[in-house]
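1. dropping a prediction and its sequence here:
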Amino acid sequence: MSKVQIHVDVNHPGATISRNLYGQFSEHLGRCIYGGVFVGEGSPIPNVNGMRKDVVDALRELKVPVLRWPGGCFADEYHWRDGIGPKESRKRMVNTNWGGVVEDNSFGTHEFLELCRQIGCEPYINMNVGSGSVQEMAEWVEYLNADGDGTVAQERWANGRKEPFGVKYIGVGNENWGCGGNMRPEFYADLYRRYQTFCRNYGSHRLCRIACGPNGDDTNWTEVVMKQAGGFMDALTMHYYTVPGEWEHKGSATNFDTEKYLRTLTAAAKIEPILESHLAVMDRFDPKRRVGLIIDEWGCWFDVEPGTNPGFLYQQNTMRDAMVAALSLNIFNRHADRIVMANIAQMVNVLQAMILTDGEQMVLTPTYHVFHMYRPHMDAQLLDTAVFADETAKGLKQVTASASVKDGKVTLTAANLSPDEEAEIELALPGLGQDTEYTLLTGAMGAYNDFGDGAERVKPAAVKGLKKAGEKWLLTLPPCSVAALTV
Ligand code: AHR
């Protein structure tokens, strides 16, 4: 058992942790939208206006704050007018990015906003720069938010919605350095300036304009885009995926050894120095820190489940994913002064999902449970937290933590990343006692939930009791575990 100390400074609450750090991403990719959240009104699967009831209920329980759509790579070949109006006449397009399947556009703007309404979250629409026109983007914003009786707003009325939707978050292109057009940053920065000009504010609906940021550690992209276009944006994105190997051989989502487990966590932890390097560049061009950083896509990316369509990116989700989620969310919390949103990829059935479905069945993944346990951090004030722990792998501390305070209650989330060693954590927090209850999620590093009998193999449990050690209290974390404690 290793000894760890966690010091939380409860006397100096810091930045507010935006609830949007707990955001989600849903793309027209594999079974994320179709089958995952949307089954259509005629489906035998219980639904409300076509949205799966079981999935929406689980997402409401998670208090999902914001949902990004329609991509991803799909965004830059999506033409929004194909997804409005009578379903029978909607265009059938080939989803060239993801599996070459036919997209019938039965889930479009109105359906997405209905999904957000049901979940109770803010919509974030990522628009098309790569293959769309300025006029097309400008009219999409008008369609969403205009409250006059212009022709575009009337089109919305004709499709059953009189009131403007009031969408705030608008993304101007996705991965324009890659699938979104293979652009150089100089070219994108100019395009960004142009496209965003025509995304107007209508009435009281003020947009949050979001520019496409770098891939991983590409600070040159950040530098050029901030220099040329920083004054025209409210936020800049970055994408970072945890891949524990080569892109061609990422490894199985469920079948891995300790070395691969630790390699995954070490790769996940790298997001911290990378995001800090982008923030340092942003600070040079925006010293007043007006532009926020959005971690637009993050999470684990493994090989697809054997036998599934390689273009659908369907992977299982184990305790290893839960540890990556805990580690990443603690990092995001600790940078709450600069990170304004983070969206895990993706919400259902794709990559590091919250929820997996198979026909009418649904399972909640270990990652879902971590998000659930971290809910008290949303909109709470960050507390400075120092962790004194040994390394469990190269540069990776055995324990990761973050803490916040809201309504006089302190929440501490801590994870023991070691796959085989307990951690005894010495804590000094006002209000701790023998009866202190906390939530614990633990299991073997490869444990996962599956359809049928295995749906609840990994789930959080309420645990009571800390041990006293002088003035302090001891919290013992089993190997591969996450705890959330509120006092
Ligand atoms: O999330 C899957 C894909 O990863 C997205 O479409 C793209 O933006 C990224 O490369």
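-> Cool, the structure landed. Keep in mind that what you see is a predicted model, and the values were worked out from it rather than measured.
2. which residue ranges of the stretch 301-450 of the chain form helices?
-> 319-334, 366-373 (DSSP state H, counting those that start in this stretch).
3. pull out the buried positions in the first one.
-> Just to be clear, that refers to helix 319-334. For helix 319-334, the neighbour count (16 or more other C-beta atoms under 10 Å) marks 319-334 as buried. (Glycine included, C-beta is placed from N, CA and C.)
4. okay, whichever residue of the chain sits closest to the ligand: pLDDT?
-> Closest contact between the chain and the ligand, by C-beta to the nearest ligand atom, is at Gly72 (2.8 Å). Model confidence at Gly72, given as pLDDT, is 97.
5. kindly report the same for Val172.
-> pLDDT for Val172: 98.
6. hmm, back to that, who's in contact with the residue of the chain closest to the ligand?
-> Counting by C-beta atoms under 8 Å, 6 or more residues apart in numbering, Gly72 makes contact with 25, 27-29, 97, 126, 174, 297, 345-346.
7. redo those residues as a markdown table? Include distance to the ligand and secondary structure.
-> Shown next, in a markdown table, are these (distance: C-beta to the nearest ligand atom, whole Å; DSSP: H, G, I helix; E, B strand; the rest coil):
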| residue | distance to the ligand | secondary structure |
| --- | --- | --- |
| Phe25 | 7 | strand |
| Glu27 | 5 | coil |
| His28 | 9 | coil |
| Leu29 | 6 | coil |
| Asn97 | 7 | coil |
| Asn126 | 9 | strand |
| Asn174 | 5 | coil |
| Glu297 | 5 | strand |
| Ala345 | 4 | strand |
| Gln346 | 6 | coil |
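8. any chance of TSV for those residues, columns distance to Tyr314?
-> What follows is the contacts of Gly72, written out as TSV (distance: C-beta to C-beta, whole Å):
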residue	distance to Tyr314
Phe25	15
Glu27	13
His28	14
Leu29	10
Asn97	15
Asn126	22
Asn174	21
Glu297	17
Ala345	13
Gln346	10
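9. rewinding a little: as JSON lines, the helices of the stretch 301-450 of the chain with mean pLDDT would be great.
-> Output for these, formatted as JSON lines (pLDDT from 0 to 100):
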{"stretch": "helix 319-334", "mean pLDDT": "98"}
{"stretch": "helix 366-373", "mean pLDDT": "98"}
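10. nearest to Arg117, out of those helices?
-> helix 366-373 (20.6 Å; C-beta to C-beta).
11. in the closest one, what's buried?
-> 366-373.
12. Phe43 against Met51, yeah?
-> Rather than Phe, residue 43 is Ser. No: using C-beta atoms under 8 Å as the test, Ser43 is too far from Met51 to be in contact (10.1 Å).
13. the two: which has the busier surroundings?
-> Regarding Ser43 and Met51, a neighbour count based on other C-beta atoms under 10 Å identifies Met51 as having more, with 21 against 13.
14. residues in contact with that one?
-> Going by C-beta under 8 Å, 6+ apart, Met51 touches 37-39, 114-115, 118.
15. let's see 7 Å
-> Met51 sits next to 37-38, 114-115, 118 when contact means C-beta atoms under 7 Å, 6 or more residues apart in numbering.
16. is it bridged to anything, and to what?
-> Beta-bridge pairing of Met51 under DSSP bridges involves Phe38, Val48.
17. before we move on, back to that, adding distance to the ligand as columns, could you present the helices of the stretch 301-450 of the chain in JSON lines?
-> Below are these laid out as JSON lines (distance: least, C-beta to the nearest ligand atom, whole Å):
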{"stretch": "helix 319-334", "distance to the ligand": "15"}
{"stretch": "helix 366-373", "distance to the ligand": "15"}
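18. switch these over to a markdown table; also include distance to Phe165.
-> Listed next are the helices of the stretch 301-450 of the chain as a markdown table, based on distance: least, C-beta to C-beta, whole Å:
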| stretch | distance to Phe165 |
| --- | --- |
| helix 319-334 | 28 |
| helix 366-373 | 26 |
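19. thought Val225 was touching Ala211?
-> Yes: distance between Val225 and Ala211: 6.1 Å, which falls inside the contact criterion (C-beta atoms under 7 Å).
20. do you know the pLDDT at the spatially closest residue to Ala153 that is not a sequence neighbour?
-> Distances taken as C-beta to C-beta, 6 or more residues apart in numbering put Ala146 closest to Ala153, at 4.3 Å, once the chain neighbours are dropped. At Ala146, the model reports a pLDDT of 97.
21. look up how far Ala189 lies from Ile355.
-> Relative to Ala189, Ile355 is positioned 37 Å away (C-beta to C-beta, to the nearest Å).
22. who's in contact with Lys53?
-> So Lys53 contacts 46-47 (C-beta under 7 Å, 6+ apart).
23. quick one: it and Cys121, what's the gap?
-> As judged by C-beta to C-beta, Lys53 and Cys121 stand 16 Å apart.
24. wait, doesn't Val463 sit right on Leu440?
-> Yes: with contact defined as C-beta under 7 Å, Val463 counts as touching Leu440 (4.8 Å).
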